[in-house]
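Peer 1: return atomic coordinates for the entry below.
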Amino acid sequence: MSGVGAGVIALVIVLGLLFVCICIFAWGVGVYNGLVKLRNRYKNAFSQIDVQLKRRYDLIPNLVETVKGYLKHESQTLEAVVRARGAAVGASQQAAAQPGDVASMEKLNAAEGALTGALGRLLVVCEAYPDLKANQNMLALQEELTSTENKIGFARQGYNDAATQYNTKREVFPSNIVAGIFNFGEAALFEIADQGEREAPKVSF
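Peer 2: Numbering: from 1, shown residues only. Reported below is the predicted structural model:
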């Protein structure tokens, strides 16, 4: 084989390897950008949850203030709601700073489960007070709570769908290679920890 022929073959091999490298690089960039977009999508979805959670937390002090005059012998029930709200606010702030973070989301899941349970118990107690049930402020708060609970449910579903899509992308081969190299961590779902507390509190009298 002549020196010219060998040189051509070597050039073809080099160009072929270069082409393969370019293709691999382009694929990697595409996967990376796709993961970033999916991560941004679930973080944005969580921001919608955060808005509704804040609305819920703002309603609870008004609810406690409205009912406490009627529930003079139910101080423990009211205190449980106040404590649960405080814990949920703290957990929500932490989760909002790190949407999808496993530890933060687990804390939020547990805190929201406890708050939902405490609210449910309070509203059951309120059933025994006819005057409270007829209170116009209470009726308005019930309507706002119901609306907010529904919005939280829809926002949570949107976040969980986005997080699941992202998790699937980062776990499947071969995109999991890029995810591992660039530390695309798991996005935890937003699910109330206690199965018995998943149902939103009943607020209609």
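Peer 1: for the chain, what spans make up the helices?
Peer 2: 3-67, 75-97, 102-126, 130-134, 136-171, 175-181 (DSSP state H).
Peer 1: got the buried residues for the lowest-mean-pLDDT helix or strand in the chain?
Peer 2: Least confident helix or strand of the chain, by mean pLDDT, DSSP states H and E, is helix 130-134 with a mean of 82. Buried residues in helix 130-134, counted by 16 or more other CB atoms under 10 Å: Leu132. Heads up, the C-betas are built off the backbone N, CA and C, glycines and all.
Peer 1: hmm, back to that, in JSON lines: the helices of the chain, plus distance to Leu189.
Peer 2: Below are the helices of the chain laid out as JSON lines (distance: least, CB to CB, whole Å):
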{"stretch": "helix 3-67", "distance to Leu189": "10"}
{"stretch": "helix 75-97", "distance to Leu189": "12"}
{"stretch": "helix 102-126", "distance to Leu189": "7"}
{"stretch": "helix 130-134", "distance to Leu189": "36"}
{"stretch": "helix 136-171", "distance to Leu189": "5"}
{"stretch": "helix 175-181", "distance to Leu189": "18"}
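Peer 1: from those, which stretch is densest packed?
Peer 2: helix 102-126 (a mean of 20; mean count of other CB atoms under 10 Å).
Peer 1: which residues of the protein score low on pLDDT?
Peer 2: Low-confidence segments of the chain, defined by pLDDT under 70: 1-4, 193-205.
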